[in-house]
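>>> The sequence isn't on hand, but the structure is:
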Ligand code: NAP
């Protein structure tokens, strides 16, 4: 099995003890229509910071929200995925983008000292701060972070299956632009992206991906919408469900020794993917399965067993929370 050769990247050039100042260039919604979610494409000028020219698609950078947390301490660094190719939004690595989503929830008990009946409106701190920013505002940043969720050194040596849920699409925007819109010309490798969202209106960067798919015959854009009835009359789909349903189409890609599978978004995505790969006898190059599980059919393995007993190989890269 050929191991992907990943680049060596810079990390932690800006430390939380001495953050650098970036400036907002733009902050626009990137959902598809009248979505109930608010997700932004935030573009930052990092030209005067050590991040300039030193981030890669697939890495993240930190943001420090001004002010203090309820405990009186400064807010902690929150990491956001780079949504740009390695050369940035400007072609020179001076402008980086990311994809913050407003977190709007009811409070739920986090620890024994919280009131279990307290369900007041709860707003995420860092993501709402980022979504509020206007052009010209300053932002304290750190990073870059991450050394594994990267495109290979030789992109042409591999094919790609990208699986995203929600804002987990951010690194794939950068990677796709890098693979398909490089100045040196596009890769001819096969690339399939499956994007999972609750509703069609929640799709992120949908127009861009449709345009890329129209322009590049080797790029295939799929969506898995979880809360809408499908044209087949079935209920909603998850990303792994789409692979399962179209296994003849995806088996070619997944069964190919060149392919790397990248997964970004909700932690739960891994279980469906693992089950689907094992069910269709396609797991060999992507997963190492503990011998203790192998005596029972995969349909009987719990999520916990999958988490403990199945480890991804270097051809299955996970960035899930
Ligand atoms: P969202 O818009 O709510 O979309 C998530 C989609 O995934 C929904 O369609 C959801 O379906 C579906 N889903 C739920 N459980 C699933 C499972 N077990 N397998 C497959 N699909 C499943 O997403 P979001 O609010 O943007 O959240 C994205 C997550 O990605 C966040 O947790 C964020 O922290 C994480 N993230 C990670 C990174 C990173 O690691 N670098 C970067 C960006 C985002 P239903 O809700 O209808 O069940």
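Structure received. Every value quoted in this text rests on a predicted model; they were computed, and no experiment measured them.

>>> contacting residues around the closest residue to residue 23 other than its chain neighbours?
Distances taken as Cβ to Cβ, 6 or more residues apart in numbering put residue 45 closest to residue 23, at 4.6 Å, once the chain neighbours are dropped. All C-beta atoms are positioned from the backbone trio N, CA, C, and that covers glycine. Residue 45 makes contact with 22, 23, 24, 25, 94, 95, according to Cβ atoms under 8 Å, 6 or more residues apart in numbering.

>>> how about 6 Å then?
Listed by Cβ atoms under 6 Å, 6 or more residues apart in numbering, the contact set of residue 45 reads 23, 25, 95.

>>> In the sheet, which strands lie alongside the helix or strand hosting the second one, parallel or antiparallel?
Think residue 25. Residue 25 belongs to strand 20-29 when assigned by DSSP states H and E. Strand 20-29 pairs in its sheet with strand 40-45 (antiparallel), strand 138-145 (antiparallel), by DSSP bridges.

>>> Same list (the ones you listed) but as TSV, adding distance to the ligand and mean pLDDT.
Shown next, in TSV, are the strands paired with strand 20-29 (distance: least, Cβ to the nearest ligand atom, whole Å; pLDDT from 0 to 100):
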stretch	distance to the ligand	mean pLDDT
strand 40-45	12	98
strand 138-145	9	98
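
>>> before we move on, back to that, identify, from the contacts of residue 45, the entry nearest to residue 212.
residue 95 (19.9 Å; Cβ to Cβ).

>>> and that closest one, backbone torsions?
Backbone torsions of residue 95, given as degrees, to the nearest 10, read phi -130, psi 120.

>>> Specify the beta-bridge partners of it.
Note on residue 95: beta-bridge partners residue 45, judged by DSSP bridges.

>>> my read: it touches residue 87, true?
No: taking contacts as Cβ atoms under 6 Å, residue 95 lies outside contact range of residue 87: 9.6 Å.

>>> ok, whatever residue of the stretch 51-200 of the chain ends up closest to the ligand - contacts?
Per Cβ to the nearest ligand atom, residue 166 is where the stretch 51-200 of the chain lies closest to the ligand, at 2.1 Å. Counting by Cβ under 6 Å, 6+ apart, residue 166 touches residue 265.

>>> So that it lines up with my notes, have the first residue be 5 from now on.
Got it, the first residue is 5 from now on, which makes the last one we talked about residue 170.

>>> Can you pull the residues of the stretch 155-304 of the chain lying near the ligand?
In this structure, the stretch 155-304 of the chain approaches the ligand at residues 169-172, 174, 200-202, 206, 230-231, 242-243, 268-270, 272-273, 276, judged by Cβ under 6 Å from any ligand atom.

>>> ok so, going back, same list, the contacts of residue 49, but as CSV with pLDDT, neighbour count and distance to residue 286 please.
Below are the contacts of residue 49 laid out as CSV (pLDDT from 0 to 100; neighbours: other Cβ atoms under 10 Å; distance: Cβ to Cβ, whole Å):
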residue, pLDDT, neighbour count, distance to residue 286
27, 98, 17, 46
29, 98, 16, 42
99, 98, 21, 39
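
>>> The helix or strand bottoming out on mean pLDDT in the chain: partners in the sheet, and parallel or antiparallel?
Within the chain, confidence by mean pLDDT, DSSP states H and E is lowest for strand 125-127 among all helices and strands, at a mean of 91. Taking DSSP bridges as the criterion, strand 125-127 sits next to strand 108-110 (antiparallel) in its sheet.

>>> So which of the residues of the stretch 155-304 of the chain next to the ligand are in helices?
174, 243, 273, 276 (DSSP state H).

>>> Let me see the contact set for the second one.
Contacts for residue 243 were tallied using Cβ under 6 Å, 6+ apart; they are 167, 198, 200, 228.

>>> Many thanks, have a good one.
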